[in-house]
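# can't give you the sequence, but here's the structure:
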């Protein structure tokens, strides 16, 4: 890059380009070498989890925790039952609800009672609802630890879309028993279970490329591992002793409660001398991807704020260097987008400085192009190797494994799926870059995000909604294409891959959200993954239970007033709790109920009524 600029000395813009280029080239190089080390570890059959083997019988008590927040109730309890059937009675299950929607709250109680009654007294499935959602998910786990943590040796944290097999859970418990210095083992989850075209592409990428990246990460980090917030087993007393999270000084988005708590908790465990490991080969660990690109980006807004908040944590006293690197890489995963965008803008401005007058053709820039042809070729080649080399390594490693290749549909299916995924990811990259850049800008401006439930259901997005959301991306692409083609047409071809993704962002998001196209892709053997070709008992069971479930009342919260048995259950679970709201607000909600009846109440009114034990008894 320096060779390209040195013909007439460095300008300020060229200096900015050099600094940005150095940072971003190092960033994509780090991803390349992570996968290269993973390939090295796989090809040399290196043990990536060098711990003592698990004992066959464990006397430890393990709790499986599923925090939920306004999730699809049927799917949550179908997953709990499927895991319980696979794991057996040796685990206790806790559904830890932070749901604020009254319908979800009551439906959760009814589903829990039905499941507990069906499985009997030995089910060991417990339900708790928090009146105050202090600390979000981290606060939910903290509440469990304060109330029940002392009863257990280990806890396994799941998300609402997580699944784990009984065999995997038992192996994790055995590894913790045999290795008393280990505080946490992360089981990398495989993306499965969704049917939209976007989700299927993500599932294939996770299955085909993810194992090599996980292997490289596990090989390099050893006991200095990280925690991804779910699908991991944790030693309870170590967690309780060292992982209390402080409130950061100042206001959100950079102050207040720590949103991305998992990285910080792993760093605190390492600071205390505990080992944190990843188990890349353990298998039997699953989660669902977002069903659409729009849902993917909505989730990333919260993750972006949480990771940028780590700027306040990365220099904390006593953290190990690997923990700081984990935090820094999380920060950079979002900060890289505005840096890429800035590099592109400055580069275009620099090209405009060398653009020839309209009357002179290419004569004035031809010597410059010829003199730098070698350097530009090397830059382009190196960039392409770093960007696409990891995928090529992963595909080659996959094709060497005959059973794994068959599990992905065979050699032809793997190759055509990898090529299609590469095209899709190339088009998707500029959309994500623009969106992440906007997230970073709004966060720096002090705009904090809320905590909303994720949409996890396959559905075709309507054109109008997508057009409204992604019109800015299209306009940015059109404006950039006009400027580049008008003033530096000789360089236009270099920008086609970048501009194409922005220009087709609306149809790309609409088409990739389609479950129909997802089914057609599966029929044509595109993006197949082992859970589809080989099957998965726990995944199949969870889906079958969810499909067969008849569901509950459309307005389950009304049953608290209308059905004595439901009211008795709700009051028992409230356990005499009083509403955390202002008594005047509760009284006002009761008055509105008397005047308007149940159908006239808002969600806020229902939440006030359902959280007040004495008020419900009076009503």
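Received the coordinates, thanks. As the structure is a computational prediction, the values presented were derived from the model and not from experiment. Numbering: from 1, shown residues only.

# point out where the stretch 501-619 of the chain drops to low pLDDT.
550-554, 576-579, 619 (pLDDT under 70).

# just the helices in the stretch 101-250 of the chain please.
Remark: helices assigned in the stretch 101-250 of the chain by DSSP state H, counting those that start in this stretch are 102-119, 136-148, 166-178, 197-208, 210-221, 236-242.

# check the stretch 501-619 of the chain too.
Applying DSSP H, counting those that start in this stretch to the stretch 501-619 of the chain gives helices spanning 505-512, 515-523, 530-533, 537-548, 559-562, 564-574, 583-596, 603-610, 613-618.

# pull out the buried residues from the helix or strand in which residue 74 is found.
Using DSSP states H and E, residue 74 sits in helix 73-87. By 16 or more other Cβ atoms under 10 Å, the buried positions in helix 73-87 come out as 73-84, 86-87. C-beta here means a position set from N, CA and C on the backbone, and glycine is covered the same way.

# what's it packed up against?
strand 62-68, strand 91-97, helix 102-119, strand 163-164, helix 166-178, helix 537-548 (3 or more Cβ pairs under 8 Å, 6 or more residues apart in numbering; DSSP states H and E).

# run the chain-centre distance for it.
For helix 73-87, the separation from the chain centroid amounts to 21 Å (computed by Cα atoms, centre = their mean, to the nearest Å).

# and the angle for it with strand 91-97?
Counting by axes from the mean of the first three to the mean of the last three Cα atoms, to 10 degrees, helix 73-87 lies at 170 degrees to strand 91-97.

# what about residue 510, distance to residue 463?
From residue 510 across to residue 463, the span is 6 Å (Cβ to Cβ, to the nearest Å).

# same thing with residue 524?
In this view, residue 524 and residue 463 are 25 Å apart by Cβ to Cβ.

# so what's residue 168 up against?
Counting by Cβ atoms under 8 Å, 6 or more residues apart in numbering, residue 168 touches 187, 282-285.

# which residue packs closest to it, ignoring adjacent ones?
residue 284 (3.2 Å; Cβ to Cβ, 6 or more residues apart in numbering).

# who's in contact with the one you found?
By Cβ under 8 Å, 6+ apart, the contact set of residue 284 is 164-165, 167-169, 187, 538.

# same thing with residue 376?
So residue 376 contacts residue 4 (Cβ under 8 Å, 6+ apart).

# rewinding a little: and the helices and strands packed on helix 73-87 as TSV, adding distance to residue 397?
Output for the helices and strands packed on helix 73-87, formatted as TSV (distance: least, Cβ to Cβ, whole Å):
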stretch	distance to residue 397
strand 62-68	33
strand 91-97	34
helix 102-119	42
strand 163-164	25
helix 166-178	23
helix 537-548	25
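
# any idea which of these is most buried?
Mean neighbour count (mean count of other Cβ atoms under 10 Å) peaks for strand 163-164 among these, with a mean of 30.

# rewinding a little: so which of the buried residues of helix 73-87 is the closest to residue 200?
Nearest to residue 200 among the buried residues of helix 73-87, counting by Cβ to Cβ, is residue 75 at 18.8 Å.

# so what's the closest one closest to, chain neighbours aside?
residue 546 (5.1 Å).

# is the one you found in contact with residue 76, as I believe?
No: if you go by Cβ atoms under 8 Å, residue 546 and residue 76 don't touch, sitting 9.4 Å apart.

# now the strands for the stretch 251-400 of the chain?
Counting by DSSP state E, counting those that start in this stretch, the segments of the stretch 251-400 of the chain that form strands are 275-278, 285-287.

# what's the most buried one of those strands?
Neighbour counts (mean count of other Cβ under 10 Å) averaged over each of those peak at strand 275-278, with a mean of 24.

# all helices for the stretch 301-450 of the chain, in order.
Using DSSP H, counting those that start in this stretch, helices in the stretch 301-450 of the chain cover 321-354, 366-371, 373-400, 402-407, 411-444.

# with distance to residue 136 and mean pLDDT added, can I get those helices in TSV?
Formatted as TSV, the helices of the stretch 301-450 of the chain follow (distance: least, Cβ to Cβ, whole Å; pLDDT from 0 to 100):
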stretch	distance to residue 136	mean pLDDT
helix 321-354	17	91
helix 366-371	54	42
helix 373-400	33	89
helix 402-407	37	96
helix 411-444	17	96
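
# pipe these into a markdown table and attach distance to residue 591 per row.
Output for the helices of the stretch 301-450 of the chain, formatted as a markdown table (distance: least, Cβ to Cβ, whole Å):
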| stretch | distance to residue 591 |
| --- | --- |
| helix 321-354 | 47 |
| helix 366-371 | 78 |
| helix 373-400 | 63 |
| helix 402-407 | 62 |
| helix 411-444 | 40 |
